[in-house]
Structures are given as structure tokens and as C-alpha cells.
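Student: Build the 3D model from these lines:
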Amino acid sequence: MRTDDPLAQVGDESLPPVRDVLAAIATGLWRWDNASGTVTLDAEAARLLGLPERAQTLSEAGVRSRFHPVDWNEIYGIVQLAVAEGTLAEARLRIMDETGRRVLRTVRSRSKPVTRDSTEAYELIGTLQEVTEPPPGTAARTPVTGDWRRSREAFLLDAGRALAEARSTEEVLRVAAGLSMPGFSPDGLAVFGVAGDRLTIIGHHGHEPGDEGPFSAMQLDTDYPAAEVVRTGRAVYLSSPDDYRRRYPAAWPLARRFERQSWAFLPLTVAGRTMGAWMAAFTYPVTFTPDERSVLTTVARMLAQALSRAGVTDSERELTDGLQRSMLPMLGPKIDGMSVAARYVPTGGGLQVGGDWYDMIPLPSGRIAFAIGDVQGHDVRAAGLMGQLRIALRAYASEGHRPDAVLSRATRFLSGITESATYGSSGSGTDEATEYDPRFATCLYVEADPATGVLEIARAGHPEPAIRMADGTVLQRPVAGGLPLGIDPDADYPTTRLVLEPGQTMLICTDGLIETGGHDLETGWSRIRAALEEYLGDDDEQDNLELLADRLVQAVHGPSSHHTTGPLADRREDDIAVLLLSRTSRPEQHVDARRTVLTIAQAEPERIGGARRHLRELLHDWADDDQVDSAVLMVSEMLTNVLVHTDGDALLVAQVSGEPGRRRLRAEVADGSDDLPHKRRPGELASSGRGLVLMELLAGAWGVDPRGDGKSIWFELYEDAGSPEPDGPGEAPGDPGEDPEGPVVPSE
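Tutor: Here you go, the predicted model:
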């Protein structure tokens, strides 16, 4: 006997053909070509799949529609494993009718994947054979295969991991609804809880909204399976509608309308206490063999543990969120001439409480005070100290104290309560020392005059504010400051005065907005600056400010924030508090594009470096880099001369005006001395006397203007090299002795 059919090549020609043998024992042949997505069936395999009894080739989708969806997903994983390991793929599959609602039969498939050289495609050649299922109520069942049992073990491991990772009750219910049990999978789920002597519905899946109505608030003594499970702590299995109607005739009318065929009610038990019940309902008959009951019982135990953990987490979150909300104020009524927006985002770990806060305080003078701060730590003690410190700051501000006095009193207050906390009562009438836990806090306190835009700022170790100008330019504003609160009870906090021009917005925030995501101060500010500069709002200034606040938080916690991970190895998460203050501009007001004012005190020569950086930020888009370097050099020289040759502070005013490409920079430094600078001819080794020489060489125009209480020296640079330049000092276009924006607000 000679044939090309490998199935017919047997050693003894007296045996019948293999195809005839397979047909006699009701075994079909099939071949699945993964590359073309087609499945070839012989007549018996087609019959077993509920198709016309003839050899045919179908698409993969056509064959897939005949399998139960759960079984198809399972056999796909088994096949992939067999392809990788070169072993047999064996599984049981339920064949569904054309409607997909009724199981026709159960078949067992055994197949061998054959891979093709140098490709990932493969063919699956195997057999299909019908498996006889026992009738409902039968205790025994045909032993499952090894692959089938391993798939159940893998399912339980995956289910346990998914339920363990769920953080809230909502997540637990979503995971439970997505569980795909091997061999049988419910399409209706419900989780019952207990409130007093009544059942409650915690959640359900596979039902329409409102279907839970008759089952919620049901008495525990009701003749209903879930109520019996809660009362007795024993599971209830109902394999058929007749079984349900016979055992629970009163509850059957409620369950009949869902058209289920089998039900399992299992207790949710934690630490020996039944906290509720879990219902799994099926649209097809399930016999609930010992193997199936074991899977359901294991899932119910894991579900109970997950719900218990989630309940504790939900309670803690509700408690801490309520505590944090009660400690954070609501922003006050609308302020004429200003808009305010604020955000608070707790850290993602621990109890989600921390020491960050912000506040808005109406003052007796009619001004408005804004405070933002951060108490060291992310625990309950930090939150408690934050509440005490916020109340103290509000009290000191309401008494009418100036910003420096408010922070001086606050540092003494925090030092006092942290020192007194190192002693506690032992309960026996004697005081004993406890663990020393000193805390400090950073704070930025701003007193704002809405009418004029004048801001008086005191800073205690807090990040400096940033100013967003009308054209979107962002400057980090140098502000004098002192030690964090609580370190030195006698610390002083100098006050810095600046003017918030119409159309400008000030950002003050805690370090969480800057350093979250592995960023340091430098890279964090770059990320925040980009979010501020790129934002384009709408015409409504208040809505614009609210959207900008959301954008800043999204830049740190949004979906794209992982693309801007900072250079630090650890992603240190921190609370975030953000406060935005914008001065409203009216249509008739002329809004200067860029103007900034800085004060350098005699005792703070180190701030000259900050002034240089500040000027570079102001000129970040200037066309000529050499001119920027020249401007920085001249400003540094002017400020240094004031500190060296006078006894007063230096006041720097810099403004950029005009259209891009033809702009003018005017920088002016004023002091209280009446001595005018003189041009000198310094020797080769002289260490001074070159300031005016630099001005003549580098400035487009410059001059010295005497004032009633001192003098000012100024220079101008022109972005367009073709602009006409004046012939000498003091002859620039316009009157250099007058400030086009009005008088400069002096520093305190």
C-alpha cells in the first residue's frame, strides 16, 4: 500500500485506513494555518463544531464564533505555550450554537504545532473528540487533563495578584468582573454587604442599572440565598432554575427575570467573620463539581481579603482627605483688580496627608495676604503642625502686623510648640522625656494691594516666586529671605517690595511642584517655566487662571510627566500646593510687555549674581547674544558701584519695549547718593575706574540723571542694529530723566 497521506501510512496493510478509524470513533481532524488565518476541517470535525457535515475550510473568525469566548482565550494561551516548548496542546472547548447562548457540546482538542523555518508562522494539526458531561447534580466528573488543571492554577495566581493590587473597593469590583475562570465563567456578578440586620449591594456586573433595587436593604431573615449565606457562613449552589425554585420559592420571582441557568452564592469571610456574600450567575447549566467549587471558594476568599483591605484603605482615605480639606481654606470672595487660583495635591503614598498648605487672609487695612508653606514631613504630625501654624499665621496677619513681623512671630511660635512636644505625660502624674522630634517649615508670605499691584513679600526658606509677564515670558523673581520657621526663634525676615503690573501673574508654590519626578530645583523650574510660557488662555481671566493651575499640576502628575523624569535616581514624591495671583488688565490700560524692578541691599552683595540671572531671563529671546552679555556686564558694574561707593541700596529697573526685532532695553540703577560718577583714565594696574568707559563702548545710549533724593545711571540697547543711535550720553530718544511707567516703587 502506497499513499501520500501520512495518516494512512501504517505498518500492517490489513488495518483499515486511519481516516476510517477516526470517523468510526467520532473523532474529527482539523488544521489551523496561523499564517493565512484559515482552519481546515474534515466532515466529523465540522459536525462537532455544529457546522454542516462536510469537509470545508473556514476563516479563523468563523471557527472562533463556535467556541465559548472564555475557552477561546484559554486555548490561545495553551497553543502559544506549546509552540514555544514544542509540546502537545490539549484543552477542552465548549461549542456554542449560532446565537452564542446555548452550549451544544464539549469537545477535547489535542494538537501538535508545526513551526515553519525562519518565520513565526505555524500550523496546528490535531483532533477533536466529544466529551460526555455528567448530568446536573452528579458529584463525579471526568478527570481533567494536566493542561486544564495547570490553566486553573495559572488563573488563580493571576486573580490573586490582580486582587492584591487593587487599592479601592471600586478597583476590586472591576477586577472581579473581569475574571475569566477556566472552563466556566459567570456573566452575572453581585457582591453583598451587611449593614445592621440588612443586606446591601456593594457592586454588581452583568445587570442593568436599577436591577439591584429589590435586593438592597433586604432583611437578613429573608428566604434568599445571599441572606442565608450571611446567616450561616455556608455556600449555596443552585445548578438549575428548578433547583432555585424548589429551595427558595419566595425569592424565585425576583431571580427568574434575569434568565440565568445556574447560581453560586459564597460567603465572604475574613478572620472568621462573614462580612457579606458573592453571587456568580451563569447563563448555561453548571454542575458545580468539586473542582469547580474549589475554584469558586478560592476566588471568594481572595475577594473577601481584597474587599477588607480596600475598605480599610477607603476609610483611611476618606478620613485623611476630610482632614486635609478641613485644614485647607476656601479662597475668599472675588478681589477687584486681581484674580486668584489655588491647587493642592496630596502625595500618592502613605496616609496622603502632609504639611503643605496655602491661605488667603483679608487684612484690617483692606489689603489681602497670601501665605503658602510646607511643614517638614508627610505624616499626621506634619498635618497637625501645619494646621496650628496656619492658624497662628492667620492670627498674626489679622492683627495688622507687617510681613516681616508675621514670620518673626511664626518662627517663635513653631519653635515653642516643637520644643514643648518633646515632653509628655507618662500617665502617672510625672513628666518624662519622649523622643525629640523637631520640625521646621518653609513659608512665603505676600501682602498685596489690589489697587496698585504693590506686593510686599517675606520669605522663610521657601522657593522664590515666579512672574509670568503679559507676553508669556517667565522670570524667577529673587526675593530676600531668612531661615525656615522653627529653626531660630530670633531670626529676622527682610521684606521685598515689587509691583505686579497689569496682565502679569505671580506663581508661588511648594517644592513638590518643582522636584516631583526626580527633578532638582534647576530642571524642575525648567519644566514649570515651559508649562507657563506655552500656555495660551482664553478671554476670561479667571477661567484662564484656573486652566493654568490645572496645566501646572498636569505637567507634574499628568500622563506625559514620565517623559520629563529628572536627573535624580529616586523619584521623590511630595505634596503640591500652588497659588496663582494675577493682576487684571483693562482694555484701556497700556500693558508694558516686560518690566522688572529689583532691590539690592548693602548687606546682600551676593544678590548681584541673582540680578544677572534675572536680566538674562528677561532677555531670553533677544536677537543678539553679544548684546545680552554686554547688558549683563553693565548692570553688574552699575550695581557693584552703588554698593562699593555709597551707603545705600541699589534699585534696578529694567524694561523691554517695542516690537520683536526692533526692541529697546532700558536699564536704570538708582541710589540715594548725590555724588555723580566721573570719567577716569585708570592705569594699567588699577582695579577700578573703567565703568563709564565700558558704558561708552557697549551701550547704544547712556546717561546719569540727578534726582531729588539721589541719582540714577542708565543705558539703552537696541535690538535692530540699524536703529539710529544718539550722539552722546543723555541724548536718547525721549526724556531719559523721566520713567515712562511712572515713579519707581522703592524697596523697604
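Student: got the contact list for the residue nearest the centre of the chain?
Tutor: The chain has His557 as the residue nearest its centroid, 3.6 Å off, counting by CA atoms, centre = their mean. Neighbour list for His557: 345, 516, 576 [criterion: CB atoms under 8 Å, 6 or more residues apart in numbering]. Yep, even glycine has a C-beta here, placed from its N, CA and C like the rest.
Student: okay if I get those as CSV plus neighbour count?
Tutor: What follows is the contacts of His557, written out as CSV (neighbours: other CB atoms under 10 Å):
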residue, neighbour count
Val345, 18
Thr516, 24
Ile576, 24
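Student: which parts of the strand or helix carrying Val79 are buried?
Tutor: Under DSSP states H and E, the secondary-structure element containing Val79 is helix 69-85. Buried residues in helix 69-85, counted by 16 or more other CB atoms under 10 Å: 70-71, 74-75, 78-79, 81-83.
Student: for stretch 193-201, same thing?
Tutor: Quick answer for stretch 193-201 (16+ other CB under 10 Å): 193-194, 199-201.
Student: do stretch 367-378 as well
Tutor: Buried residues in stretch 367-378 (16+ other CB under 10 Å): 367-378.
Student: Repeat that for stretch 546-553.
Tutor: Buried residues in stretch 546-553 (16+ other CB under 10 Å): 546-549, 552-553.
Student: any low-confidence regions in the stretch 251-400 of the chain?
Tutor: Along the stretch 251-400 of the chain, the model assigns pLDDT under 70 to residues 317, 319-330, 332, 347-354.
Student: And the strands in it, which stretches?
Tutor: 262-270, 273-282, 338-345, 356-362, 368-375 (DSSP state E, counting those that start in this stretch).
Student: Of all those, which one is nearest Ser657?
Tutor: strand 338-345 (24.5 Å; CB to CB).
Student: and the direction of the closest one versus that of strand 368-375, what angle?
Tutor: 20 degrees (axes from the mean of the first three to the mean of the last three CA atoms, to 10 degrees).
Student: remind me which residues of the stretch 51-200 of the chain are low pLDDT?
Tutor: In the stretch 51-200 of the chain, residues with pLDDT under 70: 73, 117-120, 133-152, 180-184.
Student: quick one on the thing from earlier: so for the residue nearest to the centre of the chain, what pLDDT did the model give?
Tutor: Note on His557: pLDDT of 77.
Student: Gln627: what's it in contact with?
Tutor: 665, 717, 719.
Student: Could you look up the SS state of it?
Tutor: Look at Gln627: counting by DSSP: H, G, I helix; E, B strand; the rest coil, its state is helix.
Student: same thing with the one 5 residues further on?
Tutor: In three-state terms, and counting by three-state DSSP, Val632 is helix.
Student: Relative to Met638, how far out is it?
Tutor: Note on Val632: its distance to Met638, by CB to CB, to the nearest Å, is 11 Å.
Student: More neighbours: those two, which one.
Tutor: Met638 (27 against 18; other CB atoms under 10 Å).
Student: quick one: that one and Ser657, what's the gap?
Tutor: 20 Å.
Student: try Ile75
Tutor: Counting by CB to CB - Ile75 and Ser657 are separated by 74 Å.
Student: coming back round to it: make CSV from the buried residues of stretch 367-378 and add distance to Arg412 to it.
Tutor: Formatted as CSV, the buried residues of stretch 367-378 follow (distance: CB to CB, whole Å):
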residue, distance to Arg412
Arg367, 24
Ile368, 25
Ala369, 19
Phe370, 22
Ala371, 17
Ile372, 20
Gly373, 16
Asp374, 19
Val375, 16
Gln376, 17
Gly377, 20
His378, 25
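Student: Please identify which of the contacts of His557 is nearest to Gly453.
Tutor: The nearest one, if we look at the contacts of His557 relative to Gly453 and count by CB to CB, is Ile576, at 26.7 Å.
Student: Could you pull up the residues touching the closest one?
Tutor: 343-345, 356, 509-510, 512-513, 516, 553, 556-557.
Student: Out of those residues, which is nearest to Thr132?
Tutor: Using CB to CB, the contacts of Ile576 come closest to Thr132 at His557, 57.4 Å.
Student: My guess is Met695 contacts Gly703. True?
Tutor: No: with contacts counted by CB atoms under 8 Å, Met695 stays clear of Gly703, the gap being 9.0 Å.
Student: For these two, work out which one has more neighbours and name it.
Tutor: Neighbour count, other CB under 10 Å: between Met695 and Gly703, Met695 has more, with 23 against 20.
Student: how far away is the more buried one from Gly384?
Tutor: On the measure of CB to CB, Met695 and Gly384 end up 57 Å apart.
Student: what secondary structure does Gly517 sit in?
Tutor: coil.
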